[in-house]
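Asks: return atomic coordinates for the entry below.
(chains A and B)
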Number of protein chains: 2
Amino acid sequence: MTERITLAHGSGGQAMQRLIRDCFLTQFDSAELALMEDQAQLPLAPMVEQGDRLAFATDSFVVDPIEFPGGDIGKLAVCGTVNDLAVGGALPHSLSVGFILEEGLPLEQLERLVRSMAETARAAGVRIVTGDTKVVHKGSCDKIFINTSGIGVIPAARQLGARQVRPGDKILVNGTLGDHGAAILQARGELALSGTLESDCQPLNGLIEAMLAAGTVHAMRDATRGGVAAVCNEIAEVAGHRLQLKETTLPIHPQVRGISEILGLDPLLMANEGKLVAFVPAEHADAVLAAMRAHPSGYDAAIIGDVSTTDNPQVLVEGLYGTCRQLLMPVGEQLPRIC
Amino acid sequence: MTERITLAHGSGGQAMQRLIRDCFLTQFDSAELALMEDQAQLPLAPMVEQGDRLAFATDSFVVDPIEFPGGDIGKLAVCGTVNDLAVGGALPHSLSVGFILEEGLPLEQLERLVRSMAETARAAGVRIVTGDTKVVHKGSCDKIFINTSGIGVIPAARQLGARQVRPGDKILVNGTLGDHGAAILQARGELALSGTLESDCQPLNGLIEAMLAAGTVHAMRDATRGGVAAVCNEIAEVAGHRLQLKETTLPIHPQVRGISEILGLDPLLMANEGKLVAFVPAEHADAVLAAMRAHPSGYDAAIIGDVSTTDNPQVLVEGLYGTCRQLLMPVGEQLPRIC
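Replies: Coordinates of the predicted model:
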């Protein structure tokens, strides 16, 4: 018989203690977690040696389905927060994890997701040091929601942010756009789409270190919900500049292009979970691009546009024949529960 | 017409930006949040002046109902994480907040909860510096779930933890037990209970500073899910000692006692959201107790038992006539979704 999550697993009592010991502690292999205190205690001295600022980020994950080609909600939860830290120039340090479980979730599936989180955390070089588990009645949530929060340390020399973006900056991406959105759409099976697309879900801190070693970067954002369109519009507004993208330079997987054309979706609006948009001074763009292409997470990196001055901050996309269209901030929701 | 949360509010696009600006930024009044970056950046230098370790904690909140006498899920979410930090001896520094919203949640209600979070954070002296919002289809979660994670700084002189508990330590609580559990039970209205009980939901960091200024404390835990019974059993197991409580010394509100007797519940197993259990060396117990009673969050503080050596770590409760019963770690779930 399949063993399943019961309300007792969220009670603070024996069943929860067992779940923590048998599943979480075994997988996460964390000395802080094993102390079973209400908070992890982390020495400040080694952090101060690495940098002068702490980065702090949080993200909740509600993706549907919870397992999909290229990843699962556990892998996504680790990558999402690692990437939110790393795009600020931080060296990711440690993560917290908060589970909300639906009564009836097969224990075996939870164990698989937890193993996936542990593997992804190891790959990214971060540790999961504190956690929390709640269980709600069947029907009060959909299988599993995961929150991860994370802290990282930003080296003193690094000053990244939307306000650092300057006219003349080149706009770079580390690979094909819209893979995660298209993979989830395909995995839902509601549309008769066949294909072998995988989510691009991956930690980006290794790539980012390679980029920052190669040259100056003014700002980075990972292009998750709302895709490159949301990132570019946010940056245009905050920095007060015009961003111009060249459609012909956008790296897009042929299958994603196909799905987009069939369904009338725009890959620039589709979610990514392992893609970043970087704003790099023109004189550093080639070096940073070369570093990206030399890294396994950046083989298909490309320069997709540049930044210029304007009285009217906006994002433009220049098409194949030189005509320009405005790329607006997404209005509605293309794909709910994409992450 | 009531304005309601739509899937677009979780899209990363225009509606989400509006929600962030009009609701979250207005209430939380945080410079880091206003930068709208993927991560908050917090200078390390002032932290190093306060202490030598960072405390990091997380908690998800799924309480039902989301508003109840004495609090709401927003207030609870701030208090819960502030208290998880403070019981480790940390000075709470800042919080992240992750919302999972059900499509259809009235915007006015969300605003009320956010205002409550902001007020509680101000009262506790912490700032909300980073956040995330997801929206799921109607029926895929129950109204609103909130995760808060938090960081704090632990002064170098403070070494609190279950492993510090010693035979001879006195066991103290800061007031009446089981108020939160009983208030939620009453608020659900499933039982024909009438009364004026309020949840004890409150930040405890002020009280804790007063306690630590008055004397040495070996360990503290806030007695949330699983109540005093869960805390005492965890401590007994980790420290390897026997904990003996005296039933006659337990501070219990007459209405909580009444509800417990009617329903056969044990106030020692009922959840609190503003109560801690402290383990204090005997020679400091009176001074720490006096400091607690002088603080608004500790008027009804009491010494409820003590710690002794044993070959068989367990928690005993001595009743009115001197007979002892073993207080076990809770097995099932008295009240699901209590926090």
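
Asks: do you know how far the closest residue to residue A:275 other than its chain neighbours is from residue A:243?
Replies: Closest residue in space to residue A:275, ignoring its immediate chain neighbours: residue A:223 at 5.1 Å, by Cβ to Cβ, 6 or more residues apart in numbering or on different chains. The C-beta positions use only the backbone N, C-alpha and C, and glycine is treated the same way. Here the criterion is Cβ to Cβ, to the nearest Å. By it, residue A:223 lies 13 Å from residue A:243.

Asks: that older thread, tell me, how many residues neighbour the residue nearest to residue A:275?
Replies: Counted with other Cβ atoms under 10 Å in any protein chain shown, the neighbours of residue A:223 add up to 29.

Asks: try residue A:294
Replies: Residues near residue A:294, counting by other Cβ under 10 Å, number 13.

Asks: give me the phi and psi for it.
Replies: Per-residue torsions, residue A:294: phi -80, psi -10 (degrees, to the nearest 10).

Asks: now for residue A:101: which residues touch it?
Replies: The contact partners of residue A:101, taken as Cβ atoms under 8 Å, 6 or more residues apart in numbering or on different chains, are A:5, A:9, A:10, A:110, A:133, A:134, A:135, A:136, A:141, A:143, A:144.

Asks: excluding sequence neighbours, find me the nearest residue to the spatially most central residue of chain A.
Replies: Nearest to the geometric centre of chain A sits residue A:80, at 3.3 Å (Cα atoms, centre = their mean). The shortest distance from residue A:80 to any non-neighbouring residue, by Cβ to Cβ, 6+ apart, is to residue A:59 (4.5 Å).

Asks: three-state assignment of that neighbour?
Replies: Following DSSP: H, G, I helix; E, B strand; the rest coil, we place residue A:59 in the strand state.

Asks: ranges for the helices of the stretch 151-300 of chain A?
Replies: Ranges of helices in the stretch 151-300 of chain A, per DSSP state H, counting those that start in this stretch, are A:179-188, A:205-214, A:227-239, A:254-263, A:282-293.

Asks: the third one packs against which elements?
Replies: So that's helix A:227-239. Secondary-structure packing of helix A:227-239 (3 or more Cβ pairs under 8 Å, 6 or more residues apart in numbering or on different chains; DSSP states H and E): strand A:219-222, strand A:242-246, strand A:276-280, strand A:314-318.

Asks: so what does residue A:99 look like in phi/psi?
Replies: Per degrees, to the nearest 10, the backbone of residue A:99 is at phi -100, psi 140.

Asks: could you pull out the strands for the stretch 1-150 of chain A?
Replies: Along the stretch 1-150 of chain A, the segments classed as strands by DSSP state E, counting those that start in this stretch run A:40-43, A:53-61, A:67-68, A:71-72, A:91-102, A:127-136, A:144-154.

Asks: who's in contact with the fourth one?
Replies: Meaning strand A:71-72. A:66, A:79, A:112, A:113, A:116, A:198, A:199, A:201, A:273.

Asks: ok now stretch A:136-152, how far from the chain's centre?
Replies: The chain centre lies 17 Å from the centre of stretch A:136-152; the measure is Cα atoms, centre = their mean, to the nearest Å.

Asks: that older thread, of the helices and strands packed on helix A:227-239, which is nearest chain B?
Replies: strand A:219-222 (6.3 Å; Cβ to the nearest Cβ).

Asks: how far out from the middle of the chain is the closest one?
Replies: Taking Cα atoms, centre = their mean, one finds strand A:219-222 lying 11 Å from the centre of the chain it belongs to.
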